[in-house]
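# Let's see this in three dimensions:
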Amino acid sequence: MSWRLAAVLVLCSASFCFALDPNRAITQYVHDVWQVDNGLPQNSIAAVIQTSDGYLWIGTQGGLVRFDGVQFTVFDRGNTPGLALDDISTLCEDHSGTLWIGTYGSGVSLYRNGHFTTLSSKDGLIDDNIYAMHVDHEGAMWFGGQDNGLSRYANGKFQNFTKRDGLSDNQIRALYEDQKGNLWIGTKQGGINVFANHHFKAITIQQGLSTNHIRAFAEDRNGGIWIGTGGEGLDFYHDDAIQHFSVEKGGDGDYVRSLWEDRAGNLWVGSSGGLYRLSKGSIASYKIANGLSDNDVRCFFEDREGNLWIGTFAGGLNRFKNGKVIPFGLPEGLPDEQVRTILGDHEGNIWIGTSAGCVRLSKDGTLKTFTKKDGLAHDHIDSLFEDRDGTIWIGTDEGISHLVNGKFSNFTTNQNTINCITQDHDGGMWFGTDGGISRLEGDHFKLYTTSDGLVSNHIKFLHEDTHHNMWIGTFSAGLQMWKDGKFTSFSTAQGTSLKTILTYYEDGQGRLWFGTDGLGLLFFDQEKLFLINRQSGLPENVIEEILEDDKGSFWISSNKGIFTVKKQDLIDLVNNKISRIQALVFGTSDGMRSRECNGGTQPAGWKQQDGKMWFATIRGAVMIDPDRITKNPIPPSIVLEDVLLNDKPVSNLATLKPGAEKLEIHYTALSLSDPTKVRFKYKLEGYDQDWQDAGTRRIAFYTHIPPGQYKFQVIACNEDGLWNDAGASLNIGIQPYFYQSPWFIAACALCGIVLSVGLHQLRTRQLIRKERELSELVQKRTQDLNRAKQELETANDNLEKRVQDGIDRLRESERLAAYGQMVAGVAHEVRHPIFAIQASTYMLGNKLKEQKDLQADLNVIQRETTRMNTLMSDLLEFARPDSLSKTSTDIGSIFEEAKSTFLSQPAAKVAPAVSCSIENGVPAVMLDRLRILQVLLNLMENARKHAEGVTVITLSAAASNSTKLLLRVSNDGKGIPAELIPKIFEPFFTSGKGGTGLGLAIARRIISAHEGTITVESTDSSGTVFLIELPSNI
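I've put the predicted structure just below:
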């Protein structure tokens, strides 16, 4: 059995907690790649390390990079003057948390408390080209130089070692400290030097090494040392004996550049020829062809969550992690990645139907693929079924294959695409096809189609329930049940018509569940169908397969991944006990190669006897073991990164300047397994009442924070919902403006007190003076009272008359109101006969054009009826004015319209000229355009009729102040007599020159309705001016 097939069968294996599972193939880990396009400054990575605060640090040829799983922060010579060089060779964190950065050419840089410093040969370092670094158990730093030897740094001093001090070679390539505290030193030409008890011990080819070119070390759990060589593969040193292993005999794989043993005991080998894993005595490779970004692997690091990070020479950063979902596809031996159906048989084998044959995966890990060459009807597999005799039925695109005792018998039906197969309680075999349902009866098939009552011939599933009802899911035509020779169709309790039904599940209580193509999940309670969809919390409405685990949770495959939800929650939702369900979704970040699952051919998923779930997808099969899904037990560490005040970074948070209009707090959480699923909550104590749910956002926003002292807190949870409740916090103090400060408020209060005392004293003096004045006033008022008494007696004599006068005025007011109603009625009634007279006159005029003597009489009738109609309009307007319809109006446009209308009237031939004038700054005003136009035309018409000698009428507008608008309508004709001016706005007042006497009364009413005033100024010599004042905000 090959390593690949053995690794595939994670079915019977236990996972190591947060280490890469050695029972999986490398291809079955979740593999992610980050390169320049994702934020790296350069794709050549020489070193990777996770520091104690949780950040991942990456050394590249383009600078130092800090990574929180989401965002890369680059430090280079351009933005970090303290960094020695951009070309990073190695990284190491010492016991104090200082990050040491080795470079190719400028010694080492130290990163401590946000600041960079540099040590080089000028400070005593033996070589500025650093190939290796290590911090020993005593806290001393060791540096391996390219050509000049070894340096030890402790207590601020360097101690250097060369061949003269016992080294076998000055070209250091690797440093490693074993469990006993011995320092292993790999050289380019001198083999290994072990530094113990202040002495060097050499191990070379003379002691059994395959070569003296040493590149890397790793130690296994038993104290054995793995040695990576430059060209000869691996040596293993244990108990003074050396064994040799070839990684890739004669290939680049034997040029080993890095080694790492993970927590599960896997030995990872990075070479010039790809990535290798030694596990359980076998070796597996992973190269560009498998998905590795580059075959030249330079470094490893296993983070605290068990993820393995891999740096390559030209392919950027790679990461392997355990997924909750285990894929099984082309890399694991399937003939095609398009999986349509999956079946588990009574022996524990898994059958997988693909587009290129049927695969049997045995319990012992062997893999057998059946194709047409083996007697299969067709290689495109659509459905699988195991009957009660334990034989396998296979539905294909070209009929049915029945596997008995290792041999296939093939059958054809009227339509040979077999989507589903089932067996009824009598042992009868049923087949759902694209052309109806076929039931095998002896050696022939009984066919059911739409002519027999089916709603569609395209069958998606067949299932006989515990009551012997046969359920039928169709394409585009919904759900049916076959019972007692009859088909019954269904719709939901909500009245939704059903279309494509993809799958079914009958639970242990006999309840039926159906998956649809776009409507969601259907629940049948023996009476009604209930629909559950995205509106209720379901992650997706396309349901491909439904399985149930041993704890009462559904596992459902869909177009957007696999999700699990508690069955009881679904039942409670249907019974209105809850309003929304909670589901957990698995996708590509959990190990699926594509989150799109397949369905509509049966079965599209299978639960094994041991509880493992299999599902069909468009990129192979996937397996989930609900009992072995390991949750991440490590809560994320939280770091507060930046604070911006009004878009500018600030450092002194205790005394922020006043005017915090915009405050941003940038934070992150260092959980590298699935950082995009890390969620946050934050709270600004003193401002927020409750915690703010930020989701996955890593910035807190605040605006217009008042002065005061605050405490910002942020907490986070990892992808499995484990919260770091301690979180991180910082204190923020926002200074007040001077007028918000306590001293200013106290000074104002003191001034208020002084002012109150002064006012009190002033008031007291005023009261004394008032008391004296009051005494004098009482005497005077007594005299006045006597006079008032006499006047009151006189007034009382006239009171009865005044009361009667008030009653008379009230009655007059009521009479006027009644008059208004009467006028409105009369006006409406009179208008109809006037219109009839006008129409008849017009028709007679046409008929009697030749009778000139009659034409003059008809003209008189026409003129008088027009005058009467105008009178009725004025009466109606005055009696029942319409309500205003205000819009924003430009005064200039009203003036122009009034001018053009006035000059276009028949009397315009003898009309005066019209001039318009508008000062700058006159705004648009909310008013009733037609009613104001009516006022202007009325005033202009009055000037034409009554102002003798008028030659010009002027319309002008000005803004008298910020709230008033002044309109002037003036003429240069003869003025209004002074004795008439007080009466001109009274209803029915005329000067005796014609008219109804209502025009100016109506004008004043319109202006009053606009909350304005209208007045008149007139003299014989200067003409007449009507002044209209309107509020500018009406």
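# quick one: low-confidence parts of the stretch 851-1000 of the chain?
Confidence mapping of the stretch 851-1000 of the chain against pLDDT under 70 gives the ranges 851-860, 862-882, 907-910, 962, 991-996.
# where exactly do the helices run in it?
Read by DSSP state H, counting those that start in this stretch, the stretch 851-1000 of the chain holds these helices, from start to end of the chain: 852-879, 891-904, 929-946, 999-1009.
# I would like the residues contacting the last one, please.
The set of residues external to helix 999-1009 that reach it, using CB atoms under 8 Å, 6 or more residues apart in numbering, is 874, 877-878, 881, 884, 928, 931-932, 934-935, 938-939, 941-942, 984-989, 1013-1014, 1028, 1030. Yep, even glycine has a C-beta here, placed from its N, CA and C like the rest.
# Quick one: distance of that helix to the chain centre.
Taking CA atoms, centre = their mean, to the nearest Å, the mean C-alpha location of helix 999-1009 is offset from the chain mean by 59 Å.
# buried set for it?
Counting neighbours by 16 or more other CB atoms under 10 Å, one finds that the buried residues in helix 999-1009 are Gly999, Leu1000, Ala1001, Ile1002, Ala1003, Arg1004, Arg1005, Ile1006, Ile1007, Ala1009.
# what about the helices in the stretch 451-600 of the chain?
Counting by DSSP H, counting those that start in this stretch, residue ranges of the helices within the stretch 451-600 of the chain are 567-574.
# How much space separates Gln71 from Cys717?
According to CB to CB, to the nearest Å, Gln71 stands 19 Å off from Cys717.
# Compare neighbour counts for these two and give me the winner.
It is Cys717, of Gln71 and Cys717, that has more neighbours when counted by other CB atoms under 10 Å, with 20 against 13.
# Which residue ranges of the stretch 651-800 of the chain form strands?
Counting by DSSP state E, counting those that start in this stretch, the stretch 651-800 of the chain has strands at residues 660-670, 679-685, 692-695, 699-705, 708-717, 723-734.
# got JSON lines for those, with mean pLDDT and distance to Gly186 too?
Below are the strands of the stretch 651-800 of the chain laid out as JSON lines (pLDDT from 0 to 100; distance: least, CB to CB, whole Å):
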{"stretch": "strand 660-670", "mean pLDDT": "93", "distance to Gly186": "32"}
{"stretch": "strand 679-685", "mean pLDDT": "97", "distance to Gly186": "44"}
{"stretch": "strand 692-695", "mean pLDDT": "96", "distance to Gly186": "48"}
{"stretch": "strand 699-705", "mean pLDDT": "93", "distance to Gly186": "46"}
{"stretch": "strand 708-717", "mean pLDDT": "96", "distance to Gly186": "41"}
{"stretch": "strand 723-734", "mean pLDDT": "94", "distance to Gly186": "40"}
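# Near Arg697, how many other residues are there?
Arg697 sits with 13 neighbouring residues when counted by other CB under 10 Å.
# residues contacting the closest residue to it other than its chain neighbours?
Excluding its sequence neighbours, the residue lying closest to Arg697 (CB to CB, 6 or more residues apart in numbering) is Phe680, at 6.8 Å. Remark: with contacts taken as CB under 8 Å, 6+ apart, Phe680 is in contact with Tyr667, Ala669, Ala694, Gly695, Thr696, Arg697, Arg698, Val714, Ile715, Ala716.
# What distance do you get for Phe680 to Asn197?
When distance is defined by CB to CB, Phe680 is 52 Å away from Asn197.
# what's the answer for Ser272, then?
The gap separating Ser272 from Asn197 is 36 Å, by CB to CB.
# So for these two, which sits in the more crowded spot?
With other CB under 10 Å as the criterion, Ser272 and Asn197 differ in neighbour count, and Ser272 comes out ahead with 19 against 6.
# Pretty sure that one sits against Asp296.
Yes. Because the distance of 5.4 Å satisfies CB atoms under 8 Å, Ser272 is recorded as touching Asp296.
# bridging residues for the closest residue to Ile891 other than its chain neighbours?
Computed as CB to CB, 6+ apart, the closest residue to Ile891 that is not its neighbour in sequence is Ala957, at 4.7 Å. Listed by DSSP bridges, the beta-bridge partners for Ala957 are Ile918, Leu967.
# So Ala957 sits against Leu936, correct?
No. Look at Ala957 against Leu936 with CB under 8 Å: they stay out of range, at 10.8 Å.
# where do the contact lists of those two overlap?
In terms of CB under 8 Å, 6+ apart, Ala957 and Leu936 are both contacted by the residues Phe895, Leu967.
# Can you pick out the residue with more neighbours from those two?
Legend: neighbour count by other CB under 10 Å for Ala957 and Leu936, higher for Leu936 (23 against 20).
# Count the residues that sit near the nearest residue to that one once chain neighbours are set aside.
Sequence neighbours aside, Ala898 is the residue nearest to Leu936 in space, at 4.2 Å (criterion: CB to CB, 6+ apart). Ala898 has 23 neighbours, counted by other CB under 10 Å.
# so who does Ala898 touch?
For Ala898, the contacting residues are Val914, Leu933, Leu936, Leu937, Met940, Leu955, taking CB under 8 Å, 6+ apart as the criterion.
# Relative to Gly892, how far out is the third one?
Distance of Leu936 to Gly892, computed by CB to CB: 13 Å.
# what is Ser553 paired to in the beta sheet?
Per DSSP bridges, residues listed as beta-bridge partners of Ser553: Lys566.
# Can you give me the pLDDT of it?
Predicted confidence (pLDDT) for Ser553: 98.
# and Arg511, what does it touch?
By CB under 8 Å, 6+ apart, the residues touching Arg511 are Phe523, Phe524, Asp525, Gln526.
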